[in-house]
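Engineer: The sequence and its predicted three-dimensional model are supplied below.
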Amino acid sequence: MTTLAEVAREEGLEKLMFDVVAEVGIAARHTAHKLGFVPVTALRD
């Protein structure tokens, strides 16, 4: 995830968006939060 953010910065992107699967993505959500990502929405089953 850090590499993804670094590439986005190098390319001059202002925003970066990605999807995380609920049960599998707990660590990814935590890491994204630490990197400053803000949740936009959560889809329910």
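Structural biologist: Okay, I see it.
Engineer: What is the neighbour count of Ala32?
Structural biologist: Ala32 sits with 19 neighbouring residues when counted by other CB atoms under 10 Å. Bear in mind the C-beta positions are built from the backbone N, C-alpha and C, glycine included.
Engineer: sec struct for it, please.
Structural biologist: Classification of Ala32 using DSSP: H, G, I helix; E, B strand; the rest coil returns helix.
Engineer: was I right about it contacting Met17?
Structural biologist: No: using CB atoms under 8 Å, Ala32 makes no contact with Met17, being 10.6 Å away.
Engineer: How many residues are close by Val20?
Structural biologist: Close neighbours of Val20, defined as other CB under 10 Å, add up to 16.
Engineer: ignore the last one, Thr31
Structural biologist: Look at Thr31: counted by other CB under 10 Å, it has 14 neighbours.
Engineer: Now do stretch 16-24: distance from first to last residue.
Structural biologist: End-to-end span of stretch 16-24 (CA to CA, to the nearest Å): 20 Å.
Engineer: Flag every buried residue along that stretch.
Structural biologist: If you call a residue buried by 16 or more other CB atoms under 10 Å, then stretch 16-24 has these buried ones: Val20.
Engineer: State the mean pLDDT of that stretch.
Structural biologist: On average, the pLDDT along stretch 16-24 is 76.
Engineer: what ranges of this structure fall below the confidence cut-off?
Structural biologist: The chain contains residues with pLDDT under 70 at 1, 45.
Engineer: Spatially central, which residue of it would that be?
Structural biologist: Centroid-nearest residue in the chain, with CA atoms, centre = their mean: Ala32, separated by 4.6 Å.
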